[in-house]
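Q: What would the 3D arrangement of this be:
(one chain, ligands or ions: 1)
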Amino acid sequence: MLGYFPVPYQDELLYSLVARYAQHTGLVGNQKSIVREVFSSSTAVAVPDLPSHLSSLVNNLQLAWPTSVEELIKSFTLAPVYLPFLSQQQASKTISSMRSDSGGDIHTRSGIAASVIKQQEYFRYCPQCLKEHQMEFGECYWRRIHQLPALGFCSNHSCLLEYSSISFHPREKHLFVAANEIKLDSSIRHIELKDIEGALHDRYEQLLQASQFKGLGYNRWTLFYRNLAVELGLVKNSRVCHQEIHRLLKRTWAGTTFEDQFNYSENNYWLTNLFRKHRKSFHPLRHLLVTTALVSELSVTKLLEKVRRLPEGVLVPSHFSKKVTVQNAAEYRYSWVDMLKRHPSAGVKELRSTERGDAIYAWLYRNDKSWLMSNRPKRKVNSQSHYAVNYRDWDAKNVAHLESVYEVMANVRNRPRLTRTRIIKELPRSNSVEKHLPDLPATSQWLTDHEESVEDFQLHRLRIAYEQMKSNDLEVKRWRLLRTAAIRIELVTPKIEAEIRRLEQS
Ligand SMILES: [Zn+2]
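A: Below you'll find the model as predicted:
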């Protein structure tokens with residue numbers, strides 16, 4: 001039984017928690033003891049993405065941190081990213097391997113080892129995130145979002161992730177290395193992220209937080225993509241237009257870090273296979289690349305919900321209904337008109353380059369051409385003057401939007417610190433807002449008034465900790481407040497000290 005275990009930071013890998021445990025208890029370097037103490041086993045292997053021995057760990061944690069295997073899997077491993085896309089059998093095998101003391105072949109069992117998209121070889125980090133952690137917590141840790149296959153950037157800081165020297169598939173099988181123990185001092189390399197890359201990042205993050213533990217299975221996913229092709233008018237004479245889907249996606253992702261995923265090959269091209277009957281599971285990234293581009297309005301939760309409602313084992317119909325419903329046409333017309341309104345000065349070419357623009361255009365062109373031709377955008381006006389006029393309006397809209405979401409945003413439990421960048425992400429077209437801040441004085445001022453300092457954030461965490469203690473009938477004690485709020489003693493400022501005293505007495 002462990003008498004102590006570190007309090008997890010937001011989005012921390014379990015691997016990182018074990019490594020910090022070793023540091024805090026002075027066990028670094030004594031691999032065998034760490035594994036024996038934490039997992040009650042000398043065979044537990046340091047697997048960062050899909051760790052096993054979780055039942056034993058939960059047992060050992062009862063005193064220090066009452067938790068469950070499900071919570072560990074959901075919040076501190078990479079399993080949530082894979083599970084929904086597996087067959088039901090693969091998903092339950094994966095979970096039982098993680099629970100058990102024999103997780104050796106877990107990657108093979110789940111079919112994850114077979115994917116072309118590989119887990120990166122070394123732990124990755126964002127230099128700026130790391131700096132902030134160091135400042136806020138006095139130590140740093142390995143975040144899940146930085147270890148996702150093929151996601152090579154931090155969207156909070158618009159920069160590339162850097163590789164550490166710590167292997168993600170350690171040669172020394174029992175070695176846990178904390179982010180603090182090694183030199184992580186690469187300088188930040190900024191990149192210009194397109195909106196759609198930001199959207200994909202957010203979906204990957206939503207997937208990490210989704211708790212869909214059941215594999216949805218091949219049949220449901222097959223049906224989902226077939227229906228999608230029909231809805232988007234990408235089916236002609238009962239056949240899926242694979243070439244068109246390829247062109248559409250290639251164009252959407254051109255110039256992004258994911259461009260390479262769309263190298264067409266006649267045989268065995270994943271995108272073609274995705275729109276055929278599924279015979280194996282597809283990597284989460286591939287699902288995200290397609291759904292982010294084609295159904296941007298569906299959040300990951302809604303997407304999984306939609307797929308879950310499809311039949312699990314019914315035979316797939318061999319042809320599609322050719323009927324274009326009136327309902328469909330109405331929706332596409334509506335989306336097109338809406339796009340014209342939102343981009344009053346854009347021409348057809350520009351409209352087609354927006355997130356869903358090309359799909360909408362393609363559908364209308366094929367199914368509703370005469371209407372489309374009479375609803376083309378007016379001739380392009382001078383875009384310079386358009387932007388000049390619009391700044392003030394944009395500025396005001398931003399402030400109104402922020403006012404309307406702030407209350408909810410600030411009151412989310414376990415939320416991250418509300419930095420300027422984090423708040424901006426709430427806004428539509430957040431990447432552009434960030435770039436044009438000097439032209440948006442009211443937005444800028446609002447951000448200055450509302451962004452949270454490290455100290456503010458610690459005060460917020462203290463209050464959450466206090467509420468937790470009250471609702472669990474625990475006595476409010478200084479040490480307990482500090483521990484639950486994850487504030488290190490050396491970082492306690494006079495203001496925090498005063499707040500602790502106030503909470504202890506109230
Ligand atoms: Zn970052």
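Q: For the ion, what is the nearest residue in the stretch 401-506 of the chain?
A: Among residues of the stretch 401-506 of the chain, the one nearest the ion by C-beta to the ion turns out to be residue 421. It sits 8.6 Å away. No exception for glycine: its C-beta is placed from N, CA and C like everyone else's.
Q: Just give the closest residue to whichever residue of the stretch 201-350 of the chain sits closest to the ion, not the sequence neighbours.
A: At 11.0 Å from the ion, residue 201 is the closest residue in the stretch 201-350 of the chain, using C-beta to the ion. Here the nearest residue to residue 201 in space, its sequence neighbours aside, is residue 155; by C-beta to C-beta, 6 or more residues apart in numbering that works out to 4.2 Å.
Q: In contact with residue 144, which residues?
A: With contact taken as C-beta atoms under 8 Å, 6 or more residues apart in numbering, residue 144 is in contact with 11-13, 76-78, 208.
Q: quick one on the thing from earlier: just give the number of residues close to the residue of the stretch 401-506 of the chain closest to the ion.
A: By the measure other C-beta atoms under 10 Å, the count of residues near residue 421 is 17.
Q: and it, what is it in contact with?
A: Taking C-beta under 8 Å, 6+ apart, one finds 156-157, 434 in contact with residue 421.
Q: Check residue 424 too.
A: Contacts were defined as C-beta under 8 Å, 6+ apart; by that measure residue 424 touches 430, 433-434, 447.
Q: And for residue 6?
A: Residues in contact with residue 6, defined by C-beta under 8 Å, 6+ apart, are 17, 20-21, 24.
Q: Recalculate using a threshold of 6 Å.
A: Applying C-beta atoms under 6 Å, 6 or more residues apart in numbering to residue 6 gives the contacts 17, 20-21.
Q: now the nearest residue to it once chain neighbours are set aside: how far from residue 124?
A: Taking C-beta to C-beta, 6+ apart as the measure, residue 6 lies nearest to residue 20, with 4.5 Å between them; neighbours along the chain are not counted. Distance of residue 20 to residue 124, computed by C-beta to C-beta, to the nearest Å: 18 Å.
Q: Equivalent analysis for residue 37, please.
A: Look at residue 37 and residue 124: by C-beta to C-beta, they are 28 Å apart.
Q: So for those two, which residue has more residues nearby?
A: Neighbour comparison, residue 37 and residue 124: the larger count goes to residue 124, with 24 against 17 (by other C-beta under 10 Å).
Q: With adjacent residues omitted, what lies nearest to that one?
A: With C-beta to C-beta, 6+ apart, the residue lying closest to residue 124 is residue 161, at 4.2 Å.
Q: Repeat that for residue 372.
A: In space, residue 372 is closest to residue 364, 4.2 Å off (C-beta to C-beta, 6+ apart).
Q: in which helix or strand would I find that neighbour?
A: With secondary structure defined by DSSP states H and E, residue 364 is part of helix 357-367.
Q: pLDDT of whichever helix or strand comes after that helix, averaged?
A: Read in the C-terminal direction, the helix or strand following helix 357-367 is helix 369-373, with elements assigned using DSSP H and E. Confidence over helix 369-373 (mean pLDDT, whole number) is 83.
Q: In helix 369-373, which residues are buried?
A: By 16 or more other C-beta atoms under 10 Å, the buried positions in helix 369-373 come out as residue 372.
Q: List the contacts of it.
A: Around helix 369-373, the neighbours that count as contacts under C-beta under 6 Å, 6+ apart are 364-365.
Q: need the next SSE after it, C-terminal direction.
A: Sequence-wise, the next helix or strand beyond helix 369-373 is helix 383-410, with elements assigned using DSSP H and E.
Q: can you give me the offset of the next helix or strand after that next one from its chain's centre?
A: Per DSSP H and E, helix 383-410 leads on to helix 420-424 as the next helix or strand towards the C-terminus. From the chain centre to the centre of helix 420-424 is a distance of 16 Å (C-alpha atoms, centre = their mean, to the nearest Å).
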